[in-house]
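A.B. asks: sequence plus predicted model, see below.
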Amino acid sequence: MKIFAAELLGTLTLVLFGCGAAVLAGEHVGQLGIALAFGLAIVAMAYGIGPVSGCHVNPAVSFGAFVAGRMDARTMLTYWVAQFIGATIGAGILYLIATGKAGYDVAVKGLGQNGWGEGYLGEYTLAAAIVFEIVATFIFLVVILGSTHVAAPTAMAGLSIGLTLTAIHIVGIQVTGVSVNPARSFGPALFAGGEAISQLWLFLVAPLVGAGLAGMAGRTGLLDKDAA
């Protein structure tokens, strides 16, 4: 239950602060500010709940750890349930706050949902969205698996992971809004509805593909200097 509660709270916080920066303060802080909000939320949670659950707060991270042999399937599913519930609650809280301002319409201003194509941010194609999400998640997981390796200076893991997520957002916000996290995409899409729901499949599948590839690299020792 402690792990479940930690992952729920961590994912809730990521969605509330990251998507909240886009919805409530985007016009004031810009793309860099939104990127920092996502990254700083991860840094904060890494040190806040990391000792309890490892601060995955992302089904792709848990899947990558599973593929790498660091987690069993039953534990991974427990993490997934907590993460999706946390993301939904976080998006619900954000929705309640956003609707407290006159003139806010979720159908027009959204809730920080991910997407691609005509009318969405940089209007990148489906192919570009798929490539970005797979590659970005792969890189993110390589950093996570490397930073949490027994040979790594783990005291700095939270900072390195948070900074990597920030860099990914700086590059990719205009492409997909940046998911690299199925739960982060799921929560806002439920409240935004419409196209956010119809495009959700990509943000459930592509991050898992990228994470799986990184997990395989970790499992086979491809990126481990001590592996045979």
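C.D. replies: Thanks, I have the structure now.
A.B. asks: list the residue ranges of the chain that fall below the pLDDT cut-off.
C.D. replies: In the predicted model, the chain carries pLDDT under 70 at residues 224-228.
A.B. asks: which stretches of it form helices?
C.D. replies: Secondary structure of the chain (DSSP state H): helices located at 2-14, 20-53, 59-67, 73-98, 106-109, 126-147, 157-176, 182-192, 195-198, 200-219.
A.B. asks: which one of the ones you listed lies closest to Trp116?
C.D. replies: Evaluated over the helices of the chain, closeness to Trp116 peaks at helix 126-147, with 3.8 Å, by CB to CB. C-beta: built from backbone N, CA, C; applies to glycine.
A.B. asks: and the one residue sitting closest to the centre of the chain, how far from Ala46?
C.D. replies: Central residue of the chain (CA atoms, centre = their mean): Asn181, 3.4 Å from the mean position. For Asn181, the distance to Ala46 equals 14 Å [CB to CB, to the nearest Å].
A.B. asks: swap in Leu32?
C.D. replies: Distance, Leu32 to Ala46, by CB to CB: 21 Å.
A.B. asks: likewise for Gly194?
C.D. replies: Taken as CB to CB, the span from Gly194 to Ala46 is 34 Å.
A.B. asks: of those two, which one has the most company?
C.D. replies: Neighbours per residue (other CB atoms under 10 Å) separate Gly194 from Ala46, with Ala46 holding more: 22 against 13.
A.B. asks: so the more buried one sits right up against Thr164, yeah?
C.D. replies: No: with contacts counted by CB atoms under 8 Å, Ala46 stays clear of Thr164, the gap being 11.6 Å.
A.B. asks: got the contact list for the residue nearest to the centre of the chain?
C.D. replies: Applying CB atoms under 8 Å, 6 or more residues apart in numbering, we find Asn181 in contact with 14, 57-61, 207.
A.B. asks: state the phi and psi torsions of it.
C.D. replies: Note on Asn181: backbone dihedrals following degrees, to the nearest 10 are phi -160, psi 100.
A.B. asks: tell me how far the ends of stretch 9-27 are from each other?
C.D. replies: End-to-end distance for stretch 9-27, by CA to CA, to the nearest Å: 27 Å.
A.B. asks: from here on, call the first residue 54.
C.D. replies: New numbering, starting at 54: the last item is stretch 62-80.
A.B. asks: was I right about Glu248 contacting Gly168?
C.D. replies: Yes: taking contact to mean CB under 8 Å, the distance of 6.3 Å between Glu248 and Gly168 places them in contact.
A.B. asks: these two - which one has more neighbours?
C.D. replies: A direct count of neighbours by other CB under 10 Å for Glu248 and Gly168 places Gly168 higher, at 26 against 16.
A.B. asks: and the gap between that one and Val76?
C.D. replies: Using CB to CB, Gly168 is found at 14 Å from Val76.
A.B. asks: Val203 now?
C.D. replies: 39 Å.
A.B. asks: between the two, point out the one with more neighbours.
C.D. replies: The residue with more neighbours, out of Val203 and Val76, is Val76; 23 against 5, by other CB under 10 Å.
A.B. asks: need the contact list for that one.
C.D. replies: If you count contacts by CB under 8 Å, 6+ apart, then Val76 has 147, 151, 162-165 around it.
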